[in-house]
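[1] what's the 3D shape of this:
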Amino acid sequence: MGNLLESFGIVIPILLILVFGFFSAKRNIFGNNASAISIISKLVLNVTLPPVLFAGTLSVSKTQLHGALLLCIALLISTITLYLICFFIARIIFKRNIVQSAIAGLGGSFSAGPFYGPALLNPLYGHGSDVAISMIALVINLALVPLATIMIEIDLEKKNETEQKPIYQLIGNSIYHAIVECPYVWSPLLAIILLLCGVELPKFISDTCFLIGKATSGVAIFVAGMTLAVNRFKFTTECITFAAIKDIAFPAVFFGVASCYLLKSGTNIFNEGLLLCAMPSGPMIILLGNHYKQYQEEAASILAISTISMIVTVSILIGLLHLSVP
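    Purely as a prediction, here's the structure:
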């Protein structure tokens, strides 16, 4: 019981900041909420998060990097497997079209690890956990999002009477934009290259990166609360299903995959991956829903349900792992 109460104590600050963001949006403190959410999200993803991922990845040893690469493989297998399962559940059981099924697939497999990860993992593991956050950011943006985007674009191209783009061009464009337009993707990639070359950051640079990175956790959670406030959502069997898959099935799938000769159960890198998989769905599902003008309310609902249930599921997981703030 004591472990469970302590784990709730770790998660409660996240809940409170979500509430602050929610009511700030409801009271229109920033005026145009949609514009404010877009700007603040860009601040997190393009300004505050990349430096801390860069410095955090460079601060690990080559031995730790080897474990991180194994984590990346486990996350990749788990994420893509779950995405395809969710896609076919939406397609076959809930009778959704391909675009809607692709977004639903993301709802069940897209972890908000880059958003919530620093807030949850840094108090437990310090900046050494930044490399795990980097790995899930790479998997999401170099594999998961391009896969979903390509499936959507191929379906739309088939319905378009104009000349269809070859699939290799769609794949190339998706990966190119995922890297070039996402500093939180190329910054850890650059850090891995420099680490393998034996480069060490001067202390004043790493201190600068970590200082600006301190803004990431609170601001990211705050804007997630704003996102919940401005989107309509509903509780349906479909939305609850994908939210449950995200918060419960995803960590379970990762546990099974990672335990199969990839990572040793109980190690820090294993537990970090498990907690990242237990994070709620990310705001990307809402962005894609709005962009393609399909599955918008369902995407917002999956995000809301998985975020609220995360308070319970992550608290229980922290208790089961016997984790505590040093």
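
[2] Excluding sequence neighbours, find me the nearest residue to the residue nearest the centre of the chain.
    By C-alpha atoms, centre = their mean, the chain has its centre lying nearest to A112, at 2.5 Å. In space, and not counting its chain neighbours, A112 is closest to G282: 4.0 Å by C-beta to C-beta, 6 or more residues apart in numbering. In this view, the C-beta of every residue, glycine as well, is placed from N, C-alpha and C.

[3] follow-up on the earlier one: show the contacting residues for the residue nearest to the centre of the chain.
    A112 makes contacts with A224, M279, P280, S281, G282, P283, as judged by C-beta atoms under 8 Å, 6 or more residues apart in numbering.

[4] Let me know the helix or strand that the first one is in.
    In other words, A224. helix 203-230 (DSSP states H and E).

[5] where are the low-confidence patches of this protein?
    1-10, 159-165, 170, 174, 177-179, 322-326 (pLDDT under 70).

[6] I figured I73 hits L262, correct?
    Yes. Counting by C-beta atoms under 8 Å, I73 does reach L262; the two are 6.2 Å apart.

[7] Next, show the common contact partners of the two.
    Common neighbours of I73 and L262, counting by C-beta under 8 Å, 6+ apart, are absent.

[8] In three-state terms, label the residue nearest to R96 when sequence neighbours are not counted for me.
    Residue nearest to R96 in three dimensions, not counting chain neighbours: A90, with 4.4 Å by C-beta to C-beta, 6+ apart. Classification of A90 by DSSP: H, G, I helix; E, B strand; the rest coil places it in helix.

[9] returning to that earlier point: ok, the residue nearest to the centre of the chain to N97 distance?
    The gap separating A112 from N97 is 25 Å, by C-beta to C-beta, to the nearest Å.

[10] so S217 makes contact with P114?
    No. Using C-beta under 8 Å, S217 is not in contact with P114, being 11.0 Å away.

[11] all helices in the stretch 101-250 of the chain, in order from the N-terminus.
    113-125, 130-139, 145-159, 167-180, 183-196, 203-230, 237-244, 250-259 (DSSP state H, counting those that start in this stretch).

[12] so what secondary structure elements neighbour the shortest one?
    Right, helix 237-244. helix 98-109, helix 296-320 (3 or more C-beta pairs under 8 Å, 6 or more residues apart in numbering; DSSP states H and E).

[13] what are the phi and psi angles of S281?
    Per-residue torsions, S281: phi -60, psi 150 (degrees, to the nearest 10).

[14] Could you list everything it pairs with in the sheet?
    According to DSSP bridges, the partner residues bridging S281 are S111.

[15] What count of nearby residues applies to it?
    28 (other C-beta atoms under 10 Å).

[16] Same check on the one 5 residues further on?
    Using other C-beta under 10 Å, I286 is surrounded by 26 other residues.

[17] And for L147?
    With other C-beta under 10 Å as criterion, L147 counts 21.

[18] give the contact list for it.
    I80, Y83.

[19] now do 10 Å
    T79, I80, Y83, L84, F87, A102, G105, L106, S109, I171, S174 (C-beta atoms under 10 Å, 6 or more residues apart in numbering).

[20] again with K234
    E297, E298, A300, S301, A304, I305.

[21] for the strand or helix carrying G67, packing partners?
    Using DSSP H and E, G67 sits in helix 62-88. Under the contact criterion of 3 or more C-beta pairs under 10 Å, 6 or more residues apart in numbering; DSSP states H and E, helix 62-88 touches helix 49-58, helix 98-109, helix 130-139, helix 145-159, helix 183-196, helix 250-259, helix 268-277.

[22] closest one to S24 among the ones you listed?
    helix 49-58 (20.7 Å; C-beta to C-beta).
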